[in-house]
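A.B. asks: Let me see the structure of the following:
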Amino acid sequence: MKHHYVPQHYLRNFAGAEGKLFSFNKITGRFDIQGKTPAQILYVDDLHALETHGKKDFFIETSLGTLEDLVKKFVNLISSRTDKELAELKKNPEYCNTLKLMLTIQFWRLPENAGLAHERSAHLLEMYDESLSTGIWNSMPLPDRNEVRKWKKARDNKNVRKIIQFFGLPLISCRFDGTLPEGMEVLGNDGGFDFICSDRPIYCQQFASDISSADEIYFPLTKKVVVAKGPFATERDFNGIQLTLMENSREKIYGSSVDLLRSCAFSR
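C.D. replies: Here you go, the predicted model:
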């Protein structure tokens, strides 16, 4: 079964004509001018599947689906808001927590972060307790401490490693306290172009336990809206954000048109 490490509902926010995304491979320099649907890209077969006694369990995929329902509603809420309205939404605790949930889900969802996830799993209980100390978001389907203790004890097990990375860490690696960290903004792009997305859609500098505490974060939510924290956010430098997103990609960037991708490629 195809399990997307960049969700289809997210990719649809960047699609162009006929719901397709066009791509540029920055390694080979080639463009895909035919385009592909979100279902056709950025997935790994059975990425989230657990295997027990020869049978596959899709607990993680089901759980991610539940969390993504919150995310879809959130994106619909903000997609047509003005900057003034987005600034007002920062006063809403549910809004702030959903935004941080989006960041943690996407960051840990990337297969390349498996090593970091295993490293952090050695401190799982400490992270859990720190999350609780900030006041857990009521909407969060958080496991109890005994369950987390079992995960930590069995952290080298293949199935448990997946549970920790794709389900556990997204829920406990951020402070869901109803606020956004200082300097984090959700900005509408008035630069006259669409944002790209990529095979590594979130730019996040090194952080300790709380992802949102990173000095710089750039994560486009749609073609016209981006979560930003750092100098480009302060300066509203959308070209700088776009270039950072492109350079942050592993291999492929995706966009609403080939012309958009060509403009990105020529700006490198």
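A.B. asks: right, and the secondary structure at Phe219 would be what?
C.D. replies: Following DSSP: H, G, I helix; E, B strand; the rest coil, Phe219 is assigned to strand.
A.B. asks: ok, it - contacts?
C.D. replies: Contacts here follow CB atoms under 8 Å, 6 or more residues apart in numbering; on that basis Phe219 touches Met102, Leu103, Gln106, Pro201, Ile202, Tyr203, Cys204, Val226, Val227, Ala228. Bear in mind the C-beta positions are built from the backbone N, C-alpha and C, glycine included.
A.B. asks: so the fourth one sits right up against Arg109, yeah?
C.D. replies: No: using CB atoms under 8 Å, Pro201 is not in contact with Arg109; the gap is 9.7 Å.
A.B. asks: In terms of neighbours, single out the busier of these two.
C.D. replies: Between Pro201 and Arg109, counting by other CB atoms under 10 Å, Pro201 is the more crowded of the two (28 against 22).
A.B. asks: Shouldn't that one be within a helix?
C.D. replies: No: per three-state DSSP, Pro201 lies outside any helix segment and is coil.
A.B. asks: nearest residue to it other than its sequence neighbours?
C.D. replies: Val6 (5.8 Å; CB to CB, 6 or more residues apart in numbering).
A.B. asks: hang on, the one you found packs against Cys197?
C.D. replies: Yes: Val6 is within contact range of Cys197, at 7.2 Å (criterion: CB under 8 Å).
A.B. asks: related to what we said a few turns ago, got a PyMOL select line for the buried ones in the contacts of Phe219?
C.D. replies: PyMOL command restricting these to the buried ones, with burial defined by 16 or more other CB atoms under 10 Å:
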select buried, resi 102+103+106+201+202+203+204+226+227+228
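A.B. asks: can you put the contacts of Phe219 in CSV and add pLDDT and distance to Gly115?
C.D. replies: CSV is the format used below for those (pLDDT from 0 to 100; distance: CB to CB, whole Å):
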residue, pLDDT, distance to Gly115
Met102, 89, 23
Leu103, 91, 20
Gln106, 93, 17
Pro201, 96, 19
Ile202, 96, 17
Tyr203, 95, 19
Cys204, 91, 15
Val226, 94, 28
Val227, 94, 25
Ala228, 95, 27
